[in-house]
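[1] quick one, structure for this:
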Amino acid sequence: MKNDGIVYQNKDIISKIFAEEIKDKSLRAYGLDVPEIVRVLPTNLPAVEANEMRLDNMFLLKDGSLAIIDYESDYKAANKLKYLGYLHRVLRRYNGKRKHFPKIRMLVIYTADVRREQTESRLDAGCLLLKTTEAFLSEIDSERIRRKLEDRIKSGQRLTEEETMEYIILPLTYKGRSRQAEETKKAVELSRYIKEEKTVLFLLSGLLVFTDKIIDEETANYIRRRISMTKVGRIIAEEIADAEKATAKATAKATAERMLKSGKFTAKEIASYVPGITVKEVEKIEGELLQNA
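    Now for the predicted structure:
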């Protein structure tokens with residue numbers, strides 16, 4: 001993703017907020033009758049091949065099964081090959097680390113652009129049968145849910161867990177990318193009426209995570225800017241920024257030490273070549289090396 005100068009662009013921040021608050025939430029609001037979420041699992045699936053596959057979401061559920069979620073704005077039969085790729089790599093990962101094959105649910109959530117009669121949930125290749133569990137956001141009453149959420153939020157009432165999940169997915173229950181982007185921005189603006197920052201952060205991070213593949217970069221940045229305006233959001237951003245600075249400082253120190261040990265550079269030269277370190281700091285490192293020699 002492009003960097004527009006927002007500190008909150010760092011995906012680690014969004015992931016941290018989302019992972020903490022998604023625990024024990026249910027996906028039933030989306031038409032998926034599966035156990036509650038226990039925790040978020042890594043979505044990058046490295047393989048022997050040079051490419052890396054990244055799925056949309058993967059969760060550990062309360063019954064011990066894994067839920068792979070993919071969001072689609074259209075139906076293609078060939079997508080099932082993609083799902084098979086996910087399953088293959090997840091099974092390889094778990095069999096390699098834990099020597100067992102977990103039970104996996106392949107969940108496909110279709111935006112309002114797709115209707116139930118347009119899809120096929122199974123792939124029967126004779127020796128192989130793939131069964132996906134489908135959810136159709138076209139079957140959700142968008143306006144009823146929007147009015148309900150607006151009434152509760154603007155009147156100062158706390159959202160139920162089901163309503164928080166409805167809030168996150170609501171923009172995708174409308175047809176078309178432009179309308180979805182418009183509704184996403186409306187959802188962000190609605191969050192300004194919520195006083196509890198913890199709730200705001202979960203709703204906005206959930207919006208960003210769940211709509212990541214569907215919304216455009218401008219809309220995604222709109223959400224990030226709103227997150228960065230919250231007090232908790234700024235604190236988390238500062239924590240990550242401090243960690244990154246510490247790593248950069250350690251790297252600069254290690255580089256300075258190597259250059260000093262080579263005997264080819266003065267402290268002044270090293271400070272001019274290595275970002276993030278001063279002449280005094282290099283001289284201090286030089287003194288420590290002499291003491292330990």
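
[2] got the CA positions of the helix or strand hosting Ile169 in CSV?
    Per DSSP states H and E, Ile169 falls inside helix 161-169. C-alpha atoms of helix 161-169 as CSV (Å, rounded to 0.1, in the frame of the first residue of the first chain):
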residue,chain,number,x,y,z
GLU,A,161,-21.5,-8.1,19.9
GLU,A,162,-23.8,-9.0,17.0
GLU,A,163,-24.3,-5.3,16.2
THR,A,164,-20.6,-4.6,16.2
MET,A,165,-20.1,-7.4,13.6
GLU,A,166,-23.0,-6.0,11.6
TYR,A,167,-21.4,-2.5,11.7
ILE,A,168,-18.1,-3.9,10.3
ILE,A,169,-19.7,-5.7,7.3
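
[3] what about the strands in the chain?
    Taking DSSP state E to define them, one finds strands in the chain at 37-40, 44-46, 52-54, 57-61, 66-72, 104-110, 122-124, 129-131, 133-136.

[4] mind listing residues that contact the last one?
    Under the criterion CB atoms under 8 Å, 6 or more residues apart in numbering, residues 27, 30-32, 34, 105-110, 114-116, 119, 121 lie in contact with strand 133-136. Yep, even glycine has a C-beta here, placed from its N, CA and C like the rest.

[5] buried subset of those?
    Using 16 or more other CB atoms under 10 Å as the burial test, these include Leu27, Tyr30, Leu32, Val34, Arg105, Met106, Leu107, Val108, Ile109, Tyr110, Val114, Thr119 as buried.

[6] and which of the residues you listed is nearest Glu218?
    Checking those against Glu218 by CB to CB gives Ile109 as the nearest, at 22.9 Å.

[7] now do Gln157 against Phe18, distance only.
    Separation of Gln157 from Phe18 (CB to CB, to the nearest Å): 23 Å.

[8] who has more neighbours, those two?
    More crowded of Gln157 and Phe18, by other CB atoms under 10 Å: Phe18, with 21 against 10.

[9] is it true that that one touches Leu207?
    No - using CB atoms under 8 Å as the test, Phe18 is too far from Leu207 to be in contact (9.8 Å).

[10] quick revisit: would TSV of the strands of the chain with mean pLDDT and distance to Met165 be doable?
    Formatted as TSV, the strands of the chain follow (pLDDT from 0 to 100; distance: least, CB to CB, whole Å):
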stretch	mean pLDDT	distance to Met165
strand 37-40	92	10
strand 44-46	66	25
strand 52-54	63	23
strand 57-61	93	13
strand 66-72	94	13
strand 104-110	96	12
strand 122-124	96	27
strand 129-131	97	24
strand 133-136	97	12
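
[11] how about those strands in JSON lines, adding distance to Asn79?
    Shown next, in JSON lines, are these (distance: least, CB to CB, whole Å):
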{"stretch": "strand 37-40", "distance to Asn79": "23"}
{"stretch": "strand 44-46", "distance to Asn79": "16"}
{"stretch": "strand 52-54", "distance to Asn79": "13"}
{"stretch": "strand 57-61", "distance to Asn79": "16"}
{"stretch": "strand 66-72", "distance to Asn79": "7"}
{"stretch": "strand 104-110", "distance to Asn79": "8"}
{"stretch": "strand 122-124", "distance to Asn79": "10"}
{"stretch": "strand 129-131", "distance to Asn79": "11"}
{"stretch": "strand 133-136", "distance to Asn79": "11"}
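
[12] follow-up on the earlier one: how about JSON lines for the buried ones among the contacts of strand 133-136, with distance to Phe265 added?
    JSON lines is the format used below for the buried ones among the contacts of strand 133-136 (distance: CB to CB, whole Å):
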{"residue": "Leu27", "distance to Phe265": "58"}
{"residue": "Tyr30", "distance to Phe265": "60"}
{"residue": "Leu32", "distance to Phe265": "61"}
{"residue": "Val34", "distance to Phe265": "61"}
{"residue": "Arg105", "distance to Phe265": "58"}
{"residue": "Met106", "distance to Phe265": "57"}
{"residue": "Leu107", "distance to Phe265": "57"}
{"residue": "Val108", "distance to Phe265": "58"}
{"residue": "Ile109", "distance to Phe265": "57"}
{"residue": "Tyr110", "distance to Phe265": "61"}
{"residue": "Val114", "distance to Phe265": "62"}
{"residue": "Thr119", "distance to Phe265": "65"}
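
[13] quick check: end-to-end length of stretch 168-175?
    Terminal residues of stretch 168-175 lie 16 Å apart, using CA to CA, to the nearest Å.

[14] just the mean pLDDT for it, thanks.
    Stretch 168-175 carries an average pLDDT of 94.

[15] residues contacting that stretch, please?
    29-30, 71, 109, 111-113, 137-138, 140, 142, 145-146, 149, 180-181, 183-184, 186-187, 203, 206-207, 210-211, 214-215.
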